[in-house]
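Participant: Take this sequence and fold it.
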Amino acid sequence: MSVYQNTTLDANNATVPLPSEYCQRFQDEKYFMISFSVTLASIILEVFCCPFVVLMNALVIAAVKRTRRLHSASNILLASLAGTDLLTGTTVYPASIAGEIFVIAGGSVTTYCTFVKKIVSPLRFLSVLTSLFHLGVISVDRYIAIRHSLQYYNIVTNCRLTLAIAFSWCLAGAFTSFKLLVDTSLPIFVLQGLAFTCVVIMVYCHVSVYLVTRRHERQIRTEQIPTEDTERFLKEKKGWKTTGIIIGFVVLSLLPGVFLNFGVMFTWDPRWLDRFRPLVLSFLILNSLSNPVIYCLRIQDMRQAMIAVLKT
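Facilitator: The predicted structure follows:
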């Protein structure tokens, strides 16, 4: 238990308040074994997954860039989403690993919490926001492709696509900078509003597309639909299902955090629950790893292009 002796003393004698309950888990020696075990498991998970996250998402970006037949709006959006996952693998989790190793090795809790507040949290915040905004844009793209298939290429132009991607990155970056520079509670409420708006957009788009696909499938079975229109519809339907699977894995990666926060809200012992927060945050990396795997399994051209990149 000596590993926490200096950190507990440092926390108790700190001249600045510790940023969050997430850091305060190192103050109570009663939960030493739980905190140490969970933090160690978090480090192992992140160290194992990080190289694969970087490799797979870099392959997606390179495949889309180098393969002309992948230069569609939907694939470009997937490549931009892979960019957010690549950001996670190259910055968020290496910084998180370094911080966790530092603190379980007996480093200063105040130094650790300052590092988390100034570096790890903003990077994680930026990664989550950009991913969320991209998923919203991708959902709208699939909505237009199914609901307005004949006007799709007039609506989704290269200029509008570039603006949507740039807006997602810039808005997330500006919001993250504001949160870092201005220490107020405002960002939390704004973030909740943005997240809720994105979720509403995704739900609306996917419910609407589901209803349209059901109607089109009935028409294909009962009416003489031209083969070309049928093939285009089936292709767009597959793309919509791929987007749905991606969003489903996002939800799964967020569920542990939702359950933990609900536990705190319902007045369960937060001192005990916060011991599991590092592992909960580490589960987010599984989403960055699952996305390129989904692309490989669902999109044949993407899989072939990624293999070609590996062979060169």
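
Participant: hang on, isn't residue 119 packed against residue 96?
Facilitator: No. Residue 119 is beyond contact range of residue 96, at 9.3 Å (criterion: Cβ atoms under 8 Å). Yep, even glycine has a C-beta here, placed from its N, CA and C like the rest.

Participant: Compare these two and say which one has the larger neighbour count.
Facilitator: Neighbours per residue (other Cβ atoms under 10 Å) separate residue 119 from residue 96, with residue 96 holding more: 26 against 17.

Participant: what residues are up against residue 283?
Facilitator: For residue 283, the residues meeting the contact criterion (Cβ atoms under 8 Å, 6 or more residues apart in numbering) are 45, 253, 256, 257.

Participant: who are the neighbours in contact with the first one?
Facilitator: Residue 45 makes contacts with 279, 282, 283, 285, as judged by Cβ under 8 Å, 6+ apart.

Participant: Can you tell me the number of residues neighbouring the second one?
Facilitator: A total of 24 residues lie near residue 282 under the criterion other Cβ under 10 Å.

Participant: How about the last one?
Facilitator: The tally of other residues near residue 285 (other Cβ under 10 Å) stands at 25.

Participant: do residue 159 as well
Facilitator: Residues contacting residue 159 under the criterion other Cβ under 10 Å number 8.

Participant: Check it and give its pLDDT.
Facilitator: Per-residue confidence (pLDDT) for residue 159: 90.

Participant: Okay, and it sits in which element?
Facilitator: Using DSSP states H and E, the secondary-structure element containing residue 159 is helix 158-181.

Participant: what sits up against that helix?
Facilitator: For helix 158-181, the surrounding residues in contact (Cβ under 8 Å, 6+ apart) are 73, 76-77, 80, 118, 122, 125-126, 129-130, 133-134, 137, 187, 190-191, 194.

Participant: Can you lay out the contacts of residue 45 as a markdown table showing secondary structure?
Facilitator: Output for those, formatted as a markdown table (DSSP: H, G, I helix; E, B strand; the rest coil):
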| residue | secondary structure |
| --- | --- |
| 279 | helix |
| 282 | helix |
| 283 | coil |
| 285 | helix |
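
Participant: doesn't residue 78 make contact with residue 138?
Facilitator: Yes. Between residue 138 and residue 78 there is a contact under Cβ under 8 Å: 7.4 Å.

Participant: how many neighbours does the residue nearest to residue 67 when sequence neighbours are not counted have?
Facilitator: Counting by Cβ to Cβ, 6 or more residues apart in numbering, the nearest residue to residue 67 once its immediate chain neighbours are dropped is residue 305, at 4.2 Å. The criterion is other Cβ under 10 Å. On that basis, residue 305 has 24 neighbouring residues.

Participant: Residue 138 and residue 78: which is more packed in?
Facilitator: Set residue 138 next to residue 78 and count neighbours by other Cβ under 10 Å: residue 78 wins out with 28 against 25.

Participant: wait, the more buried one sits on residue 61?
Facilitator: No. Taking contacts as Cβ under 8 Å, residue 78 lies outside contact range of residue 61: 9.5 Å.

Participant: Quick check: the gap between residue 40 and residue 82.
Facilitator: According to Cβ to Cβ, to the nearest Å, residue 40 stands 30 Å off from residue 82.

Participant: neighbour-wise, which of those two wins?
Facilitator: Comparing residue 40 with residue 82 by other Cβ under 10 Å, the one with more neighbours is residue 82, at 25 against 15.

Participant: Mind telling me what element that one is part of?
Facilitator: In this structure, residue 82 sits in helix 73-87 according to DSSP H and E.

Participant: what about this structure, any weak spots by pLDDT?
Facilitator: Scanning the chain for pLDDT under 70 picks out the ranges 1-32, 182-192, 217, 219-237, 239-240, 261-274.

Participant: again, only this time at 50
Facilitator: 1-19 (pLDDT under 50).
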